[in-house]
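Undergrad: How does the following fold in three dimensions:
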Amino acid sequence: TDIQKKSIPVVLQQKEDLVALAKTGTGKTAAFGLPLLQLIDVTNTHIQAIILAPTRELGHQIHANLVSFAAEIPDISIAAVCGGIPIKPQIERLKTPTQIVVATPGRLVDLIEREAINVKNVNYLVLDEADEMVTALKTDLDSIIKAIPKKCRTLLFTATLSGAIKQLVNNYMSKEVVWVDADMATVGHQGIDHQYVVVAPIEKLDVLLHFLSTKPNQRGIIFCKTKAAVNKLAKNLAINKFSSGALHGSLTQGIRDRIMNQFREGHIDILVATDLAARGIDVKEIAYVVNYHLPDTYDAYVHRSGRTARAGAKGLSLTILQEEEVQDIADFEQELGISFERYQKADAKSIEENKTLLWAKKIFKTKPNRAISGDLKGQVRTVFHHLTKEELIDKILTLHLAESKPSTLKIDAPKKRKK
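TA: Now for the predicted structure:
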């Protein structure tokens, strides 16, 4: 990829620090991972490189990629030390010879404070998704940079060049830093169809459910702003029998790993997640991303939408808006250099028909209750025994539609008592 062509020669052939600008999904892990593996001295058992990632998921993803890259280099040892799981096994792991450590900042600071990791011989520090770390994890980052040798070479990869990133470069990196960037105007959004749909608050869930019904057996991610919103939406999807799972920072690492594995392996089709999770989701063949809530920042939109259309594929990024939010779309277009098209939401008739289909799927997927007595089953069977399957469906459907419609009964106002 473009970022790999520009970064790998710099890392291998030059000695300066590197700042690389590249959108998510452009192959950054190989851009720093492949040259690092070549530069490691396999006869030296000290930690020579530390790679920092802002989230556990991204850390584990980078570790898995590096292990795969190094399959033919058995003498290189790579450890992952991320938060969310017990620290003691990680401490034991670091007692064995290790040359590369992939870490989240908080866990690495904890290990340094416990004197459980030796960072005095580190030659390379990689900051992946650095724009996320300087905003959310600045204190930890400061501690780590102070603990490693000053001669350590820093390789910084970021999707945006914010003021905080510029400050980090000025404060901690060499004056002769090399700057490279991928084709920022297009690469990060190539293959992504950006659309938005305008809804009233009361119809938001129904519009989403109708959209999801048009994407059977396709994998997608729905982003919400808060953990509570993720849990609520995931519950609604489960009620409507969509194959889905929730992912946010309050879940234990074990649960997060299980849900991610189910998603990667195709056991669930839909992931409902917070922005924190957006950084670590590198799954192929994600057909669409839905912004159930408009993100607070342009960067967040880049990272959300970048989950789809990876490695040259096509994808859809759909943002669900309320009327007063439509004006924000022009700002996103101008800032990110992209164009949004208006998605035509389903009409009321289609949404009602979709509700009925979801109701039918609920019935189909309902597991029989073995506790129901045989006598009661027999009596009910007697009531229906003379009906054909088609007649029974017609009657149940008619009753459902009648009960799901708003009441049309006119309620008279109470009469005033005569004085």
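Undergrad: rest of the way, CA atoms for contacts and neighbours
TA: OK.
Undergrad: which residues of the stretch 1-150 of the chain fall in helices?
TA: All helices of the stretch 1-150 of the chain, identified by DSSP state H, counting those that start in this stretch, fall at 2-13, 28-39, 56-69, 88-93, 105-113, 130-136, 138-147.
Undergrad: D375: which of the ones you listed is closest?
TA: Evaluated over the helices of the stretch 1-150 of the chain, closeness to D375 peaks at helix 56-69, with 52.9 Å, by C-alpha to C-alpha.
Undergrad: and the closest one, which residues are buried?
TA: 56-63, 65-67 (16 or more other C-alpha atoms under 10 Å).
Undergrad: Could you report the distance from the residue lying closest to I165 once chain neighbours are set aside to I255?
TA: Excluding the flanking residues, the one nearest I165 by C-alpha to C-alpha, 6 or more residues apart in numbering is D131, at 6.3 Å. As defined by C-alpha to C-alpha, to the nearest Å, D131 lies at a distance of 27 Å from I255.
Undergrad: swap in G337?
TA: 37 Å.
Undergrad: what's the answer for K166, then?
TA: Applying C-alpha to C-alpha to K166 and I255 gives a distance of 36 Å.
Undergrad: circling back to that earlier point, right, and the helices of the stretch 1-150 of the chain - which one's nearest R381?
TA: helix 56-69 (52.0 Å).
Undergrad: Show me the shaky parts of this protein.
TA: 135-137, 183-190, 277-282, 310-312, 406-419 (pLDDT under 70).
Undergrad: what's the domain layout of it?
TA: Domain ranges of the chain: 2-181, 191-348, 367-407, per automatic domain parsing.
Undergrad: out of those domains, nearest to T356?
TA: domain 367-407 (7.7 Å).
Undergrad: ok, back up a step: wait, which of the domains of the chain is closest to W359?
TA: Of all the domains of the chain, domain 191-348 sits nearest to W359, with 7.5 Å by C-alpha to C-alpha.
Undergrad: hang on, the earlier thing: possible to save the helices of the stretch 1-150 of the chain as CSV with distance to D394?
TA: Shown next, in CSV, are the helices of the stretch 1-150 of the chain (distance: least, C-alpha to C-alpha, whole Å):
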stretch, distance to D394
helix 2-13, 59
helix 28-39, 57
helix 56-69, 49
helix 88-93, 61
helix 105-113, 60
helix 130-136, 55
helix 138-147, 63
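Undergrad: Would you tell me which of the ones you listed gets closest to T388?
TA: Comparing the helices of the stretch 1-150 of the chain under C-alpha to C-alpha, the one sitting nearest is helix 56-69, at 53.0 Å.
Undergrad: Can I get the closest one in PDB, CA atoms only?
TA: C-alpha atoms of helix 56-69 as PDB (Å, rounded to 0.1, in the frame of the first residue of the first chain):
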ATOM      1  CA  ARG A  56      -6.900  -3.800  23.900                       C
ATOM      2  CA  GLU A  57      -8.500  -5.000  20.700                       C
ATOM      3  CA  LEU A  58      -6.100  -3.100  18.500                       C
ATOM      4  CA  GLY A  59      -3.200  -4.300  20.700                       C
ATOM      5  CA  HIS A  60      -4.200  -7.900  20.300                       C
ATOM      6  CA  GLN A  61      -4.800  -7.400  16.500                       C
ATOM      7  CA  ILE A  62      -1.300  -6.000  16.100                       C
ATOM      8  CA  HIS A  63       0.200  -8.800  18.100                       C
ATOM      9  CA  ALA A  64      -1.600 -11.400  16.000                       C
ATOM     10  CA  ASN A  65      -0.400  -9.700  12.800                       C
ATOM     11  CA  LEU A  66       3.300  -9.600  14.000                       C
ATOM     12  CA  VAL A  67       3.200 -13.200  15.000                       C
ATOM     13  CA  SER A  68       1.900 -14.100  11.600                       C
ATOM     14  CA  PHE A  69       4.600 -11.900   9.900                       C
END
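Undergrad: coming back round to it: next, work out how far apart the residue nearest to I165 and I3 are.
TA: From D131 to I3 the distance is 17 Å (C-alpha to C-alpha).
Undergrad: again with T160
TA: For T160 relative to I3 (C-alpha to C-alpha), the value is 14 Å.
Undergrad: out of those two, which sits in the busier spot?
TA: Legend: neighbour count by other C-alpha atoms under 10 Å for T160 and I3, higher for I3 (23 against 19).
Undergrad: Touching, that one and G25? I think so.
TA: No: between I3 and G25 there is no contact, the gap being 10.6 Å when judged by C-alpha atoms under 8 Å.
Undergrad: ranges for the strands of this structure?
TA: 18-21, 49-52, 78-81, 100-103, 124-127, 153-158, 178-181, 192-198, 219-223, 244-247, 270-273, 286-291, 315-321, 341-342 (DSSP state E).
Undergrad: Great, nothing more from me.
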